[in-house]
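Novice: How does the following fold in three dimensions:
(chains A and B)
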Amino acid sequence: MLHVIDVSAGYYGSCVLYDINVEFSKGLHFIIGPNGSGKSTLLRVTSGILIPWKGDVLLNGYSIFRNPRLKRYIGYMPHGVGLLPHLTVRDNFLLYAELVGLTDRSFIKSRIQELCEIFKLWDIIDKRVAELSHGQRVRAGIARTLIHDPDVIILDEPTSGLDPYFAIEVLNLLSNISKSKVVIVTTHSLNDLRTCRHASIVLLHRGKVMFKGNFSELVNKFKPKRKFIIQFRGSLSKLYRCLSEINLEPSSVDENLLIIETDQYDIDILLLVNRLTNCGIVVENVREDQEYVMHNIIKMLISKQL
Amino acid sequence: MSFTRLYRWFLKRLLIEDAHSLLLSILISILLLIFLSMQYVKTISRLIKFLGTAGVVSNVALGIGTLMGFLASVAVSTIASGMLFKDRSSKFIEIILAAPFSYREYLVSLTLSMISLGVIINIMMTIVYICAIVTFSYNLLTVMTNYLIYIVSLLITIITSLLIVIVNLALLRIVRRLRISGLVSTLPSIIIYLAIIFLVRPFHTHTTLWPVLTTLIISTAIVIAVLIILILKLIKPDTLLT
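Specialist: Residues are numbered from 1 along each chain as shown, chains lettered A, B, ... in the order given. Prediction:
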């Protein structure tokens, strides 16, 4: 159990976090918010990197700042992964293992093998990090974070820049890990939140906690609209009829580009595509604007509608 | 115990990781060696009249030896600043700070490992230098008492290492996004080292060397103490993180 108690923190005298109180128990926790809201700073404080100006972070009741040795139970991955680019993935693992105090060579070796299996690292384990793609780096970065089997895992935007398929794979993996550990993750993506509906969410805005709850509570509280952008071929009358059957209305139709805004959260892209195809509409391209929901929530916060 | 582990970890990294900076240091040293050799060639015939062959050889050895000491301090500063630079640009610094150590342990072990590396290299150079001189007419005792420039060079290495940490970290408080390259960070060590060599040279006789050295050692000790206090008191974690 990790308790963030009354924490205020910042850099160079400028405050970024104000009186944050959050409790992270076993399970998956998302920290969301716009750029500059203090997500990364909160992660840095909870992982013991940044000493808060005020307040404390307790791991099972003990301050991680007064007992820095407790940080061995925390695994942290910064935004940008934090691997040394001129070293191989294996060397990065060994360097980190040594840093966190693992001394048993055979344990380290078997742990690296285990992580290579889980994260499919066999083809890149002896490559220099500079040669890897972003997705490969993220895989290696998360694996490195887990090398000492920490109780608390803190990851700064692990799904950022990943293709949707791999992002879901990462989230499922984190979801599994979170059954026995505390996993704290920052994200910008609505998809991440929807993929892990059971996860708890902390919404930050201008360094303050604006919301704590799960995905459905977030949606119920803010009722933000979603936006689908669809490129299609087919008759407009068919399109309107088809959408009305699932209670959707196009917010704009421009030649072959259809934009739908909705507050329904039980609709996903696959369902939409199937429905349109069944109505004889050819769907050429479809995507959901991930940032739109977050922007809507932030807009509501800024205009103090809530 | 964990401090020792962190210290060893840094020392290992300093020794093996930065071949690029080491090559740069060697290159600078070779250029300086060529420059100094040319100076020696010009004056060698004049010097033989006054000092004899052995005296000239020992002077040449002194020149080479101090140059090697210079290499040591440049190498330490470039490797250390290169490592700091890479750690910060790759955000590995956050990984280090998230490890089970206090911030103070991190800074002290980083600084001490830099100093240790400088001292190790300098001692190796001293041995080469002493061997070169002993081969000729001077005995070991004379070498140790009259050519204590190596003590100075050792102290300079320590100061340089500390200065590099200060320069790298303290400037970041003023200019947040400033990245100091390995090459720029060699400048303080070059300036300090050359200044000391030229300061000591005129007093390099049996009668005046000791007072000069004593003054240098005492002032160096004071500077080191001040720099360590500065590192520990003034540099905050947020300097490294932004």
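
Novice: low-scoring stretches of chain B, by residue?
Specialist: The model of chain B has pLDDT under 70 over residues B:1-3, B:14-30, B:32-82, B:84-85, B:103, B:114, B:117-242.

Novice: Just give the number of residues close to residue 7.
Specialist: In the absence of a named chain, chain A is used. Number of residues near A:V7 (other Cβ atoms under 10 Å in any protein chain shown) recorded here: 23. Placement of C-beta: from N, CA and C, glycine included.

Novice: Chain B, not that one
Specialist: When neighbours are counted by other Cβ under 10 Å, B:Y7 registers 18.

Novice: What of A:P150?
Specialist: Counted with other Cβ under 10 Å, residues neighbouring A:P150 total 18.

Novice: That one should be in a helix, yeah?
Specialist: No. With DSSP: H, G, I helix; E, B strand; the rest coil as the criterion, A:P150 is located in coil rather than a helix.

Novice: give me every residue that touches A:L99.
Specialist: Each residue near A:L99 by Cβ atoms under 8 Å, 6 or more residues apart in numbering or on different chains is listed here: B:L6, B:W9, B:I95, B:I96, B:A99.

Novice: If we use 10 Å, what do you get?
Specialist: The contact partners of A:L99, taken as Cβ atoms under 10 Å, 6 or more residues apart in numbering or on different chains, are A:147-148, B:5-6, B:9-10, B:13, B:92, B:95-96, B:98-101.

Novice: and which of the residues you listed is nearest to A:V16?
Specialist: Distance to A:V16, by Cβ to Cβ, is smallest for B:A98 among those, at 18.0 Å.

Novice: For the closest one, which non-adjacent residue is closest in space?
Specialist: Take B:A98 and drop its neighbours on the chain: the residue closest to it by Cβ to Cβ, 6 or more residues apart in numbering or on different chains is A:Y76, 4.0 Å away.

Novice: Let me see the contact set for that neighbour.
Specialist: For A:Y76, the contacting residues are A:43-44, A:46-49, A:82, A:145, A:150, A:152-156, A:184, B:94-95, B:97-99, taking Cβ under 10 Å, 6+ apart as the criterion.

Novice: Emit the ChimeraX select command for whichever of the residues you listed are buried.
Specialist: Paste this into ChimeraX to select the buried members of these, with burial taken from 16 or more other Cβ atoms under 10 Å in any protein chain shown:
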select /A:43,44,46,47,48,49,82,145,150,152,153,154,155,156,184 /B:94,95,97,98,99
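
Novice: Return the subset of the contacts of A:Y76 lying in helices.
Specialist: Members of those lying in helices (criterion: DSSP state H): A:L43, A:R44, A:T46, A:T145, B:E94, B:I95, B:L97, B:A98.

Novice: The last one against A:I154, yeah?
Specialist: Yes. Distance between B:A98 and A:I154: 8.1 Å, which falls inside the contact criterion (Cβ atoms under 10 Å).

Novice: those helices in the stretch 201-306 of chain A, which residues are they?
Specialist: For the stretch 201-306 of chain A, helices defined by DSSP state H, counting those that start in this stretch occupy the ranges A:215-222, A:236-245, A:269-278, A:290-302.

Novice: which outside residues touch the third one?
Specialist: Contacts made with helix A:269-278 from outside it, assessed by Cβ under 10 Å, 6+ apart, are listed as A:164, A:191, A:228, A:230, A:232, A:234, A:238-239, A:242-243, A:245-246, A:248, A:258, A:260, A:262, A:267, A:281-283, A:286-288.

Novice: Can you list the buried residues in stretch A:291-300?
Specialist: Using 16+ other Cβ under 10 Å, the residues of stretch A:291-300 that count as buried are A:Y292, A:V293, A:M294, A:N296, A:I297, A:I298, A:M300.

Novice: Make sure the third one is actually in contact with A:K39.
Specialist: No. Counting by Cβ under 10 Å, A:M294 does not reach A:K39; the two are 11.8 Å apart.

Novice: Are there residues contacting both of those two? Which ones?
Specialist: Between them, A:M294 and A:K39 share the contacting residues A:I32, A:G33, A:T187, A:H188, A:L203, judged by Cβ under 10 Å, 6+ apart.
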